[in-house]
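A.B. asks: missing the sequence, but the structure's below:
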């Protein structure tokens, strides 16, 4: 979602990190570029002006201008203010009752019902017994949708098609959850195309009856500033406890996500990043700020890895990476692991320098491309996967035919695999990667050019020595 904002900010930081010292003028120029980037991301004008004013004052401070690396200090200032904008600390769910109730509210189309299922799956993974109640009696097929999602994740769904009384349905669901020993009851409340009096009063009555510990607004992050307005209206009526931002994997500009906490005063507790049940992440302001600045989110990466990867297998792969003996069988296994973790694109966004790494490797990280890669590897023999260097032209031709692709596709796969294996091996050994476009890191091409120049100089020196001997 934040790709355009990330690109703009990285361009700004590249310009400023190249300067030995900072002056009032280049700080002002840099902050103007940050202002344009934030406005372009659909952050409201007032919030941007306050952000720039505070960040500029701090950047002009003595600690920054006299820093050994002033450019890096400016990046830190912007990072700190992004965290402040989105909330200084994580805001976990407060569920300390024997049976805790969560109300899910929001407008039509925000992804409320699917988010309800994702939250239920989240509790199931934590070994908590959960019941979901279908309280949307107005939208056609809403109950059917929730029941289908419940079957997919193996979580029970309570529904009552015999009555339109939502308060009665919610109360009956509570009594059932209590009798079954459930720890969490999630109410999927009805949405509307717009906020109206009847909708608000219905929600208020359910709140009064069940006294939920959490009232979470499902907000479509693609709505921009309208999402902020919707959040304000719901908060005024219900006193929200938190927000879940959906569709964070989309191509919207994302300004609403940055401004939601500032405008409502309520924390963002989760974000959704896909359609699968596991595509729900707890929101961490520092992690999101780091992603926006293109520095990845290692904490989230570790959390995802812990969920889906076996510790012994991870150690085995680490050793193979260090020795650069990581083969295509291992790569095939990692494709499946990456899919479980949300796909290559998501993982690269969590790795520091991942976006630049993706550009350097040159691979399209969508599902279609990954399926093609998988098809080529599956067309290889076991020996070929273990020793890619033995794959000559005739073997490449056979592999291409088996995968329904061209020989050039196989050539590109093998070339990129070798590049990736070398780069990942260096990372596993603790070496700094040569990634173009990352502040403070030298590009690979520059190093290669430098080596070539040294070779030429040595050759010239040898020739000069020979001429001197002849004389």
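C.D. replies: Cool, the structure landed. No experiment lies behind these values; they were computed from the predicted model shown.

A.B. asks: and the strands in the stretch 151-300 of the chain?
C.D. replies: Under the criterion DSSP state E, counting those that start in this stretch, strands of the stretch 151-300 of the chain are mapped to 157-158, 184-189, 214-220, 242-246, 268-272, 280-282.

A.B. asks: the protein - how does it break down into domains?
C.D. replies: Following automatic domain parsing, the chain resolves into domains at 3-86, 100-292, 300-428, 446-471.

A.B. asks: ok, back up a step: out of the strands of the stretch 151-300 of the chain, flag the one nearest residue 235.
C.D. replies: When the strands of the stretch 151-300 of the chain are compared for distance to residue 235 using C-beta to C-beta, the nearest one is strand 214-220, at 7.5 Å. Where you see a C-beta, it was placed from the backbone N, CA and C, and this is true even at glycine.

A.B. asks: what is that closest one packed up against?
C.D. replies: If you count contacts as 3 or more C-beta pairs under 8 Å, 6 or more residues apart in numbering; DSSP states H and E, strand 214-220 packs onto strand 100-106, helix 112-125, helix 225-238, strand 242-246.

A.B. asks: and among those, the most buried is which?
C.D. replies: strand 242-246 (a mean of 27; mean count of other C-beta atoms under 10 Å).

A.B. asks: low-confidence ranges, the stretch 51-200 of the chain, go.
C.D. replies: Residue ranges of the stretch 51-200 of the chain with pLDDT under 70: 62, 64-71, 193-194.

A.B. asks: export the strands of the stretch 151-300 of the chain to CSV and tack on distance to residue 320?
C.D. replies: Output for the strands of the stretch 151-300 of the chain, formatted as CSV (distance: least, C-beta to C-beta, whole Å):
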stretch, distance to residue 320
strand 157-158, 45
strand 184-189, 41
strand 214-220, 43
strand 242-246, 38
strand 268-272, 34
strand 280-282, 29
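
A.B. asks: can you say which of those is nearest to residue 234?
C.D. replies: Proximity to residue 234 (C-beta to C-beta) singles out strand 214-220 among the strands of the stretch 151-300 of the chain, at 5.1 Å.

A.B. asks: quick one: contacts of the closest one?
C.D. replies: Residues from elsewhere that reach strand 214-220 (C-beta atoms under 8 Å, 6 or more residues apart in numbering): 93-95, 100-107, 109-112, 115, 119, 207, 227, 230-231, 234-235, 238-247, 256, 260, 266, 269-270.

A.B. asks: sorry, back to before: figure out which of the helices and strands packed on strand 214-220 is closest to residue 6.
C.D. replies: Nearest of the helices and strands packed on strand 214-220 to residue 6, taken as C-beta to C-beta: strand 242-246 at 17.1 Å.

A.B. asks: partners of that closest one in the sheet?
C.D. replies: Strand 242-246 has its sheet partners listed here by DSSP bridges as strand 214-220 (parallel), strand 268-272 (parallel).

A.B. asks: most packed of these?
C.D. replies: When the strands paired with strand 242-246 are scored by mean count of other C-beta under 10 Å, the highest mean neighbour count falls to strand 214-220 (a mean of 25).

A.B. asks: report the angle between that one and helix 112-125.
C.D. replies: 130 degrees (axes from the mean of the first three to the mean of the last three C-alpha atoms, to 10 degrees).

A.B. asks: quick one: mean pLDDT over strand 214-220.
C.D. replies: Averaged across strand 214-220, pLDDT comes to 92.

A.B. asks: show me how far that strand is from its chain's centre.
C.D. replies: Distance of strand 214-220 from the chain centroid (C-alpha atoms, centre = their mean, to the nearest Å) equals 19 Å.

A.B. asks: angle of it against strand 184-189?
C.D. replies: Per the same axes, to 10 degrees, the angle that strand 214-220 makes with strand 184-189 is 50 degrees.

A.B. asks: now the angle between helix 225-238 and strand 214-220, please.
C.D. replies: Relative orientation of strand 214-220 and helix 225-238, computed by the same axes, to 10 degrees: 160 degrees.

A.B. asks: pLDDT of stretch 316-336, averaged?
C.D. replies: Mean pLDDT, computed over stretch 316-336, is 75.

A.B. asks: right, and residue 186 touches residue 116 too?
C.D. replies: Yes - using C-beta atoms under 8 Å, residue 186 is in contact with residue 116, at 5.6 Å.

A.B. asks: and for these two, which residues touch both?
C.D. replies: Each of 104, 132 lies in contact with both residue 186 and residue 116 under the rule C-beta under 8 Å, 6+ apart.

A.B. asks: so residue 409 sits against residue 399, correct?
C.D. replies: No - taking contacts as C-beta under 8 Å, residue 409 lies outside contact range of residue 399: 9.2 Å.

A.B. asks: thanks a lot, catch you later.
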